[in-house]
Each structure stands twice: as C-alpha cells, then as structure tokens.
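In: return a 3D structure for these sequence lines:
(2 chains)
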Amino acid sequence: NAGVTQTPKFQVLKTGQSMTLQCAQDMNHNSMYWYRQDPGMGLRLIYYSASEGTTDKGEVPNGYNVSRLNKREFSLRLESAAPSQTSVYFCASSPLPRQYFGPGTRLTVT
Amino acid sequence: AQSVTQLGSHVSVSEGALVLLRCNYSSSVPPYLFWYVQYPNQGLQLLLKYTSAATLVKGINGFEAEFKKSETSFHLTKPSAHMSDAAEYFCAVSGLNFGNEKLTFGTGTRLTIIP
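Out: Numbering: from 1, shown residues only, chains lettered A, B, ... in the order given. The predicted structure follows:
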C-alpha cells in the first residue's frame, strides 16, 4: 500500500513550457486534491475532484488544468509555465473527513 | 465559509519545555479541525483531528489539542519538547459538507527546538 504517490519529485521548466504532474492513490478514495505551497501562505487549493469524472476549481486555479483519469489518478497540467508557478505542489486524497498527502513535487520555473 | 488563523509564524522553545501552537478558526457550520505536521522536504502528516467527539484530542508523538467552541480555538500543545519536534505545523478546518470535504489551511507555524 503506497498511499499517495507523485511524479516527478523535482522539475525545472523554462517560461512558456508545459508539463503534467502525476498523482495516484491506491486507497480507493473518491476525492482527490491538488495544492500549492508557498512560503508564508500555507497550502492553497488549486483544483479538486469529488469523484471520478468530476473536477472543480479551488482557490487558485488560473494557469492550471486537471484530469481525473480514473478513480486512482488525478493529474495537474501547466500549459504555459510562468515564474509565479514556482512552488511545491502536493496531491492529496480523502475519505471523510481527513486527507492523505503525497510527498510533493518541487517545481521551479525560470 | 471557513478560515484559519495561526498566531506566530515562528515559535522557538527549549528542549523539555512546553510547546503551544495557536490556532483560531472561523466556520459557518460545525467544524472538523486538524493539525498536520510537515518535516523538511516531506509531505504533510496528520497529527490529530477533532470530529465533534471529545473536545480534548490526543494525537501522535505526545501532542494534544483542545477544541474550545466559545473561543473558536484549537491550540496544539505538548508538555515537553523534543528535538525531533522541529517542523512546520499547519492547522486546518473542514466543514461538514460531505462529498465536498475541502480543507482550509492556516499559513503554518515553524517550530524550532533549542538544545
């Protein structure tokens, strides 16, 4: 039981490049989430998916898209990366009421 | 609507001293409350949670928190700090909105332990 896994662990992009962050969970949870963590700002919700086939915007969705591929996988895509998207990204999954977090992806956009 | 305020972005305590990390919340519905811990370069781990049962909640690693509705607080304490407690701590609140259980996080408190 691996819990929540994320790939890659680290990534450096140039401004304007695109990439997809992958997240998978093996706990059969319905809900999945993407957060970004920036110094002094805590975790902010980007997008979430309450169940397979549904996605909704969180607090900071601009510049991102998501896909809930199946119950296990929830990916986050940056179509045209910007330096403001430099951050640590966490995926989480949830049974009621707590959330389980992945180890994070550290993304730098130059 | 819900929000969390963590007082003190940095707290330093001596090894063996009391740890007190403050959290106040705002919620329009009865809340679920959580404390998460993040060690350097790792994800978040659940320390403890309040889900409307006992108001004094015990978690892992000797931490506990008390839900005080009148004060809208959920402060985290540990009687005796250990060097391994150095980490960042996040308070979070969730509304009782099943099927849409979003968490709102505070901005975090970095705990430093002085030898």
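In: going by C-alpha atoms from here, please, whenever you check contacts or count neighbours.
Out: Will do.
In: OK, contacts around residue B:82?
Out: Contacts for residue B:82 (CA atoms under 8 Å, 6 or more residues apart in numbering or on different chains) come out as B:15-16, B:113.
In: what sits closest to residue 36 if chain neighbours are left out?
Out: Here I'm looking at chain A. Residue nearest to residue A:36 in three dimensions, not counting chain neighbours: residue A:89, with 4.5 Å by CA to CA, 6 or more residues apart in numbering or on different chains.
In: try again with chain B
Out: Per CA to CA, 6+ apart, closest to residue B:36 is residue B:46, 4.5 Å.
In: burial of the one you found, as a residue count?
Out: Number of residues near residue B:46 (other CA atoms under 10 Å in any protein chain shown) recorded here: 18.
In: so it is in contact with residue B:33, correct?
Out: No. When contacts are counted by CA atoms under 8 Å, residue B:46 is not listed as touching residue B:33 (11.0 Å).
In: spell out which residues are contacts of both of these two.
Out: Counting by CA under 8 Å, 6+ apart, nothing touches both residue B:46 and residue B:33.
In: that older thread, among the contacts of residue B:82, which one sits closest to chain A?
Out: residue B:113 (19.8 Å; CA to the nearest CA).
In: and whichever residue of chain B sits closest to chain A, what does it touch?
Out: At 3.8 Å from chain A, residue B:107 is the closest residue in chain B, using CA to the nearest CA. By CA under 8 Å, 6+ apart, the contact set of residue B:107 is A:40-43, B:5-6, B:9, B:90.
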